[in-house]
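**Q** Attaching a predicted model along with its sequence, questions to come.
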Amino acid sequence: MAFGPSSPVTGAPQTGLTSPTYTLTADAFGGGKPSEQFAITALGGTQTGVSAHSVSKPFTLTMERPAQFRQLGTPNPVTGVISSVPMNVYKVRVRKGVSVDSTQPSKIASAEIKISIPAGSDSEDAASVRAMVSCLFGAVYQDSAGIGDTLIDGVL
């Protein structure tokens, strides 16, 4: 199944947010790469001070894939070693318009997860690729509030 989160998305725990949810609406991405993008058009739960997507304060979720998939090269005929293994790079990004001062226009904050997959591993070791992603998102979800706290107070 391809990337296509079901709406609404239940947010991970965060200090100051109670049962956050995010309603997704399909959106167009202007980045020139194959992608799926959603605008967060409604919020649920208690998220005091948070705004849904607007022109002046965008709130989007995007996943990009490589424009051209890279393939595994040919092994050296003498050593049997593939000297250069290209990477297929995927990105998951959230952009959110944020206020920096009440007298200033909003600025864009962004969070991005970049996943680099060696060509060939998708078919040779798919289980390990899936385990890597499972661990990444499990850890991020498990410590979502801690990550949010660190972004605010700077304490690791």
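**A** Sure, I can see it.
**Q** use CA for all of it now, contacts and neighbours both
**A** OK.
**Q** And for Ser56, the neighbour number?
**A** Ser56 is flanked by 12 other residues according to other C-alpha atoms under 10 Å.
**Q** From Ala26, how far out is Phe38?
**A** 5 Å (C-alpha to C-alpha, to the nearest Å).
**Q** In terms of neighbours, single out the busier of these two.
**A** It is Phe38, of Phe38 and Ala26, that has more neighbours when counted by other C-alpha under 10 Å, with 22 against 14.
**Q** correct me, but that one touches His53?
**A** No. Applying C-alpha atoms under 8 Å, one finds Phe38 not in contact with His53, separated by 9.9 Å.
**Q** Find the residues that touch each one of these two.
**A** Residues touching both Phe38 and His53 (C-alpha atoms under 8 Å, 6 or more residues apart in numbering) are Thr60.
**Q** Need the outlier residue of this structure, farthest from its centre.
**A** Ranked by distance from the centre of the chain (C-alpha atoms, centre = their mean), the top residue is Val78, with 41.6 Å.
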